[in-house]
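S.K.: how would this look folded up:
(one chain, ligands or ions: 2)
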Amino acid sequence: MAFYDHFLQIDHLSKWFATEHGKEPIHVIDDVSMTIEGGDFVVFVGPSGCGKTTLMRIVAGLETTSEGRIVLEGEEVKGPDRKKGVVFQSYSSFPWLTVFENARFGLKFRDDVTKNEKDGIARHYLELVGLAGFEDFYVNRISGGMRQRLAIARTLAAGPDILLMDEPFGALDAQNREFLQVQLLEIRAKERKTIIFVTHDVEEAIFLAERIFVFSARPAKIIEEITVSDHLVREASLELKETEAFFKLRNHLMAVCRAQAQRTEAMIMSPNAAR
Ligand SMILES: Nc1ncnc2c1ncn2[C@@H]1O[C@H](COP(=O)(O)OP(=O)(O)O)[C@@H](O)[C@H]1O
Ligand SMILES: [Mg+2]
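M.R.: Ligands and ions are numbered 1, 2, ... in the order given. From the prediction side, this is the model:
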């Protein structure tokens, strides 16, 4: 099979950041490879500071690789473009624009649709995320949960082939987060988007993912890959979180993550000892 027969291929990716002159560079990603097919929902978990955001930024084309490459739909990723839609934890919307204008902004650079079609697309995605009726509200008048839904609508409106979500619900309270988790699964079922989602919340990972990649403490290496359907029957209902199968997988993942977090702490206490 040719290399580009996969939707997305991360191929022996490594990353170092240069530091002050004369000092050793920081090794952040260590030989990460994976293939992702169209329609996959992949979740990355790993300890804080291990390199998850860096990896997402590289996939988005916002950061360069040191070694290895990323191929999306047969083309090597060289920079950001419309194919890659990114949603971060804190959404930088424009407070002086309305909800509708913010969603519409996502379509600014699309030349494949007319002005009227753009309005329709913006409305479609606002409806999809449950913001119909709020079109004329200014962003500073809506809640954090609504802002994240607006971020998702705006990103989807831009027509990406893959959605890259870096702890998008991290700043929300538990109730809002669960509500958005269910909504995201519903949106995905309707739109059949390929999604990579980063979280440090193990339950969120299991609830959303088809596949979970667990990363080590920095430099990020894949230490475990889990296909969730090998462990439980996935469904977009919060009751799944109450089942024994969910609990078992959660406990397993917690143990793996805890061990890595301890490695991170050891590294902070003694930078050379844990390498
Ligand atoms: N532009 C940069 N220059 C230097 N170091 C960086 C840069 N970006 C991130 N890092 C470092 O890379 C490591 C991984 O960061 P990050 O990818 O944000 O981790 P995570 O998202 O898993 O918490 C951290 O030690 C961070 O300080
Ligand atoms: Mg991060």
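S.K.: lowest average confidence, helix or strand, in this protein?
M.R.: helix 244-269 (a mean of 87; mean pLDDT, DSSP states H and E).
S.K.: residues of that one that come out buried?
M.R.: Neighbour-count burial for helix 244-269, counted by 16 or more other CB atoms under 10 Å, picks out 246, 249-250, 253, 256-257, 260-261, 264, 267. Bear in mind the C-beta positions are built from the backbone N, C-alpha and C, glycine included.
S.K.: Those into CSV, with extra columns for distance to His200?
M.R.: Listed next are the buried residues of helix 244-269 as CSV, based on distance: CB to CB, whole Å:
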residue, distance to His200
Phe246, 18
Leu249, 16
Arg250, 14
Leu253, 11
Val256, 13
Cys257, 8
Gln260, 11
Ala261, 9
Thr264, 12
Met267, 17
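S.K.: A helix includes Asp31, no?
M.R.: No: assigned with DSSP: H, G, I helix; E, B strand; the rest coil, Asp31 falls outside any helix and is strand.
S.K.: Test my guess that it contacts Lys15.
M.R.: No: Asp31 lies out of contact with Lys15 (CB atoms under 8 Å); the separation is 10.2 Å.
S.K.: between the two, who's got more neighbours?
M.R.: Using other CB atoms under 10 Å as the criterion, Asp31 and Lys15 rank with Lys15 on top: 24 against 14.
S.K.: Show me which pair in the buried residues of helix 244-269 is furthest apart.
M.R.: Using CB to CB, those span at most 31.3 Å, a distance reached by Phe246 and Met267.
S.K.: follow-up on the earlier one: now list whatever residues contact both of Asp31 and Lys15.
M.R.: Glu67 (CB atoms under 8 Å, 6 or more residues apart in numbering).
S.K.: which non-adjacent residue is nearest Ala236?
M.R.: Leu185 (3.9 Å; CB to CB, 6 or more residues apart in numbering).
S.K.: typed the wrong thing, it's Ser216
M.R.: Sequence neighbours aside, Ile223 is the residue nearest to Ser216 in space, at 4.8 Å (criterion: CB to CB, 6+ apart).
S.K.: report the angle between the axes of the one helix or strand that neighbour maps to and helix 244-269?
M.R.: In this structure, Ile223 sits in strand 222-227 according to DSSP states H and E. Interaxial angle of strand 222-227 relative to helix 244-269 (axes from the mean of the first three to the mean of the last three CA atoms, to 10 degrees): 170 degrees.
S.K.: Tell me the residues of the stretch 101-250 of the chain that contact ligand 1?
M.R.: Residues of the stretch 101-250 of the chain lying close to ligand 1 (CB under 6 Å from any ligand atom) are Arg218.
S.K.: so where is the stretch 101-250 of the chain shaky, pLDDT-wise?
M.R.: When residues are selected by pLDDT under 70, none of them lie in the stretch 101-250 of the chain.
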